[in-house]
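Undergrad: can you look at this prediction? I've put the sequence above it.
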Amino acid sequence: MKLFSRLSFYLLFLIIPLLLIAKESPYYVGAEATYGLLNYDANFIKFDGIENCGCYETGSGNSLKARIFAEYRLLDFLNLGFHAGYQTKNGLLNNPDTAYARNLNTGNIELVQTNRKLDVKFNAFDIGLDFNILIDDEVFNGPLYLNLSPSLHLQQSGSFTQTEVIDQPSGAAFKVDDKVFFERVNAAGDFTTLNSSILNLSASLYNNMKIGPNLYFIQRLGVSNDMDMLLTDADISTFNLFGSLGIKFAFDEPKEYIPPIPPQLPIQPLPIDPEPTPILTLDSKFDYNDSYIEIGEKLVASPPLVLAIFFDKNSSEIRKIYHSNTDKSNPIENHYNIFDDLIEILNKNPQSNLVLHGSTSGIDENNNLILAKERVLNVKSKFISKGIASNRITTNYTINPKIITNNQYEQGLAENRRVEIDLVNANSVEFVKKTEYEKLFGFIDFKTEYENIADKVYFKNNLMHTEQEIKSGHINTQFDRDMIANKGDFTIESELSSEELTRRDTENVELDKIRVENIELKTDEFEALLMFDFANSNLTDETKILLKQLIELLPEGKTIVIIGNTDEIGLEEANKKIAEERAANAINFIKSNTSKTFYFEEQTNTDKNDESTPQGRYLNRSIIIRIK
């Protein structure tokens, strides 16, 4: 019976194109692309290529198909056609299971809950017939059809990958040769028992939107179902909810009859009222009563330096990005200016020297001691090329760095491919100091009016980053301006604009008319970052020096907010504990090194630097200090 149905299908598929060629008019050809959401219906425990691993029953995925087609109008209500194309099906089937794995929290081997995921892919040629039954002549500027389509999917190839993923508990992992895996591949390969041809039936709503002479934009929404199994040794088939878009060309389509237009009497023009004149006004006024200037000193901290040069795997070449100037306001990008920053420190401190230590990621780079040596010599050459005498630079190298970042993670391996830099007789940052402070806190009112303008109206000035859409009325703007960087009187230039009109206004700000408020020390804008070694909460000697600088300059009675932070390598609970210890150690050190009375707030940080870069992870091993 199955053989008879296949032969009948092929016979119809050969006859219909001959009928289409013989048909005089009208006929159509086109192409379309289809995307579908698949539901896999399965009932098997194994097939050729994988072991017995429990029963797979359901799954989901998607399909992509491109096809060409031809059709002709057999009757007023029926178009008959055929199509050919290529289709790819992807899917993921799940099978809950159990396995033995190591609990990273306790170190014990336990029975854990797993999911055996089966990722499948099938590729097939698609040939079939199309029966398009007319529903309505005019829907969205064209006819709407019900499409019924039997097809044969001639399978060409298929592949599968079976992976096992740990669901519970969260701290469990597979461990092989001291390497930790949270999922593993059990089997993978190509299907060897593909069913060569699959009968598929589909039904869809098929709309033809006319977009030009003899040209249609087609849309299709429907469902399809496999009537046969995709494999000969496993029960697996698909149900597809799909949509498609395409183009269809018509040939020998009868032209629409347009009756001649009878002559008409001349149309008398109606009186036209004059268009109202558009009105757009803008007036600005600086508020000298509420505006004020703060003058005094403020406490600032210089940004931290990540004292290391990082390398690509198995490479001793300094990355090109270290040779270009990058954004100094961004701590991640500022790291690539480290050569120029350190040269500036060395030039300011003639007695200072550098100690460079080259290293590798150990077995990940074949314990290559020569690679560590080449890295450190290339960094030394870079400093010498920028004017630093060679007798001020000491080099050494080992397979592993002095402080090893966790080698069980790729992030740790990437960090260990580095040259560490130690400054002798100089600090890498000034950290805390008082600087001159003068800032204007200004208020300015804008009065805007417009009438008889249909378009949107936008407002902007040289104090704003972007323009904004407004309505008629008042705009009250508050701004601040650094008067150290921008000395003297200045002008606020404003603009009100629509597509038709533009109005501009300027307001000169005279600083001698603004009241001045003297402050002793500005601390509420202070923020500093102090770094720690990997997986360590002990304060370094440099961190202790910098904390002493802070408490010497900070007035008594202030609230010091200390926010503990870590990178995301390793277990979340362990990282949280280290972050809390770093903040607590800093607070205890301050309390034990001053007689001043301070108040403290201890927090842990969730707003981290970019963890995808080594310097970002270095910066996250830190505490952040703010003053209230």
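TA: Noted; the coordinates are in hand.

Undergrad: alpha carbons only for contacts and neighbour counts from here, please
TA: Will do.

Undergrad: who touches stretch 424-434?
TA: 297-305, 342, 345-346, 349, 351-355, 528, 542, 546, 549-550, 553 (Cα atoms under 8 Å, 6 or more residues apart in numbering).

Undergrad: recalculate using a threshold of 6 Å.
TA: 298, 299, 300, 301, 302, 352, 353, 550 (Cα atoms under 6 Å, 6 or more residues apart in numbering).

Undergrad: flag every buried residue along it.
TA: 426, 427, 428, 429, 431, 432, 434 (16 or more other Cα atoms under 10 Å).

Undergrad: now swap in stretch 399-415 and tell me
TA: So, applying 16+ other Cα under 10 Å, buried residues of stretch 399-415: 399, 400, 401, 404, 405, 406, 407, 411, 412, 413, 414, 415.

Undergrad: circling back: mind putting the buried residues of stretch 424-434 into CSV with distance to residue 317 and pLDDT?
TA: Below are those laid out as CSV (distance: Cα to Cα, whole Å; pLDDT from 0 to 100):
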residue, distance to residue 317, pLDDT
426, 28, 85
427, 27, 78
428, 25, 75
429, 27, 69
431, 32, 71
432, 36, 80
434, 41, 87
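
Undergrad: so of these, which ones are in strands?
TA: With strands defined by DSSP state E, the entries of those inside them are 432, 434.

Undergrad: give me the spatial nearest neighbour of residue 82, chain neighbours excluded.
TA: Spatial nearest neighbour of residue 82, excluding adjacent residues (Cα to Cα, 6 or more residues apart in numbering): residue 129 at 4.3 Å.

Undergrad: wait, a strand at that neighbour?
TA: Yes: counting by DSSP: H, G, I helix; E, B strand; the rest coil, residue 129 is part of a strand.

Undergrad: quick check: it touching residue 84?
TA: No: using Cα atoms under 6 Å, residue 129 makes no contact with residue 84, being 9.1 Å away.

Undergrad: just to revisit the earlier point, biggest separation within the buried residues of stretch 399-415, which pair?
TA: Distance extremes for the buried residues of stretch 399-415: the farthest pair is 399 and 411 at 17.5 Å, using Cα to Cα.

Undergrad: returning to that earlier point: take the buried residues of stretch 424-434 and write them to JSON lines, including distance to residue 361.
TA: Formatted as JSON lines, these follow (distance: Cα to Cα, whole Å):
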{"residue": "426", "distance to residue 361": "29"}
{"residue": "427", "distance to residue 361": "28"}
{"residue": "428", "distance to residue 361": "26"}
{"residue": "429", "distance to residue 361": "28"}
{"residue": "431", "distance to residue 361": "32"}
{"residue": "432", "distance to residue 361": "35"}
{"residue": "434", "distance to residue 361": "42"}
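
Undergrad: of the buried residues of stretch 424-434, which is the nearest to residue 177?
TA: Of those, the one sitting nearest to residue 177 (Cα to Cα) turns out to be residue 428, at 40.2 Å.

Undergrad: could you measure from the closest one over to residue 199?
TA: 73 Å (Cα to Cα, to the nearest Å).

Undergrad: how about the residue nearest to residue 82, what does it touch?
TA: 81, 82, 149, 150.

Undergrad: secondary structure for those residues - can I get that in TSV?
TA: Compiled in TSV, the contacts of residue 129 are given as follows (three-state DSSP):
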residue	secondary structure
81	strand
82	strand
149	strand
150	strand
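
Undergrad: out of the residues you listed, who's nearest residue 446?
TA: residue 149 (66.7 Å).

Undergrad: contacts for stretch 273-281?
TA: Contacts of stretch 273-281 (Cα under 6 Å, 6+ apart): 448, 449, 450, 451, 452, 453.

Undergrad: confirm that the last one sits in a helix.
TA: No: membership of residue 453 in a helix is not supported by three-state DSSP, which gives coil.

Undergrad: tell me how many other residues crowd it.
TA: 16 (other Cα atoms under 10 Å).

Undergrad: following the helix or strand hosting residue 145, which helix or strand comes up?
TA: Here residue 145 sits within strand 144-168, counting by DSSP states H and E. Next along the chain after strand 144-168, taking DSSP H and E as the criterion, comes strand 172-176.

Undergrad: which elements pack onto that next one?
TA: Where contact means 3 or more Cα pairs under 6 Å, 6 or more residues apart in numbering; DSSP states H and E, strand 172-176 is packed against strand 96-103, strand 179-181.

Undergrad: paired strands for it, with orientation please.
TA: Strand pairing for strand 172-176, using DSSP bridges, gives strand 96-103 (antiparallel), strand 179-181 (antiparallel).

Undergrad: for the protein, what spans make up the helices?
TA: Secondary structure of the chain (DSSP state H): helices located at 2-22, 331-334, 338-348, 369-385, 410-416, 541-553, 572-592, 614-620.

Undergrad: closest one to residue 474 among those helices?
TA: helix 331-334 (39.8 Å).

Undergrad: how about the closest one as CSV, C-alpha atoms only?
TA: Listed next in CSV are the C-alpha coordinates belonging to helix 331-334 (Å, rounded to 0.1, in the frame of the first residue of the first chain):
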residue,chain,number,x,y,z
PRO,A,331,38.9,51.7,33.4
ILE,A,332,38.8,48.6,31.1
GLU,A,333,40.1,50.6,28.0
ASN,A,334,42.5,52.7,30.1
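
Undergrad: no more questions from me, cheers.
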